[in-house]
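[1] sequence and predicted structure below; questions after.
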Amino acid sequence: MTWNKKVRQIHRWLAVAFTVTVIAATVALVQEEPAVWVSYLPLLPLALLMFTGLHLFALPYSGRWRRRRGTAHQK
């Protein structure tokens, strides 16, 4: 499996983890005595989603940049 495919797979599983933690935090905060610290649980998957998402967003642009740079050095 290539590096880009691994990042895509990690991004998908992080999205699942983020969804589960948001649901768990919502359920915990609806209780009579909510545990406020539970509301911070989704932040870790969200931060990791941001980094993998930025990587996936930049892939097409970096590929074009590499192709242009490679052809410029060949001339």
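    Cool, the structure landed.

[2] which other helices and strands does the strand or helix carrying residue 54 contact?
    Element membership of residue 54 [criterion: DSSP states H and E] is helix 43-74. In terms of contacts (3 or more C-beta pairs under 8 Å, 6 or more residues apart in numbering; DSSP states H and E), helix 43-74 is packed against helix 3-30. Using the backbone N, CA and C atoms, a C-beta is placed for each residue, glycine as well.

[3] now the helix it packs on: buried residues?
    Judged by neighbour count using 16 or more other C-beta atoms under 10 Å, the buried positions of helix 3-30 are 7, 8, 11, 14, 17, 18, 21, 25.

[4] same deal with stretch 39-46?
    Buried residues in stretch 39-46 (16+ other C-beta under 10 Å): 41, 42, 45.

[5] contact partners of that stretch?
    Here stretch 39-46 makes contact (C-beta atoms under 8 Å, 6 or more residues apart in numbering) with 14, 17, 18, 21, 22, 24, 25, 28, 29.

[6] apart from its chain neighbours, what residue comes closest to the fifth one?
    What it means is residue 22. Closest residue to residue 22 apart from its sequence neighbours, by C-beta to C-beta, 6 or more residues apart in numbering: residue 42 at 5.0 Å.

[7] and residue 35, what does it touch?
    Here residue 35 is in contact with 28, 29 (C-beta under 8 Å, 6+ apart).

[8] how close does the residue nearest the centre of the chain get to residue 37?
    By C-alpha atoms, centre = their mean, the chain has its centre lying nearest to residue 49, at 1.7 Å. Residue 49 sits 21 Å away from residue 37 when distances are taken as C-beta to C-beta, to the nearest Å.

[9] so where's this structure shaky on pLDDT?
    Within the chain, the stretches with pLDDT under 70 are 1, 66, 69-75.

[10] how does it look with 80?
    1, 62-75 (pLDDT under 80).

[11] alpha carbons only: can I get stretch 25-44 in PDB?
    Provided in PDB are the C-alpha atoms of stretch 25-44 (Å, rounded to 0.1, in the frame of the first residue of the first chain):
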ATOM      1  CA  ALA A  25     -19.800  13.500  24.300                       C
ATOM      2  CA  THR A  26     -23.300  14.600  23.400                       C
ATOM      3  CA  VAL A  27     -24.800  11.700  25.300                       C
ATOM      4  CA  ALA A  28     -22.500  12.500  28.300                       C
ATOM      5  CA  LEU A  29     -23.400  16.200  28.300                       C
ATOM      6  CA  VAL A  30     -27.200  15.500  28.300                       C
ATOM      7  CA  GLN A  31     -27.000  13.700  31.600                       C
ATOM      8  CA  GLU A  32     -28.200  15.300  34.800                       C
ATOM      9  CA  GLU A  33     -24.600  15.900  36.000                       C
ATOM     10  CA  PRO A  34     -22.600  16.300  32.900                       C
ATOM     11  CA  ALA A  35     -18.900  15.600  32.900                       C
ATOM     12  CA  VAL A  36     -17.500  18.600  31.100                       C
ATOM     13  CA  TRP A  37     -14.100  16.900  30.400                       C
ATOM     14  CA  VAL A  38     -15.900  14.500  28.000                       C
ATOM     15  CA  SER A  39     -16.600  17.500  25.700                       C
ATOM     16  CA  TYR A  40     -12.800  17.600  25.000                       C
ATOM     17  CA  LEU A  41     -12.600  14.000  23.700                       C
ATOM     18  CA  PRO A  42     -13.400  14.800  20.100                       C
ATOM     19  CA  LEU A  43     -10.600  17.300  19.800                       C
ATOM     20  CA  LEU A  44      -7.800  14.700  19.300                       C
END
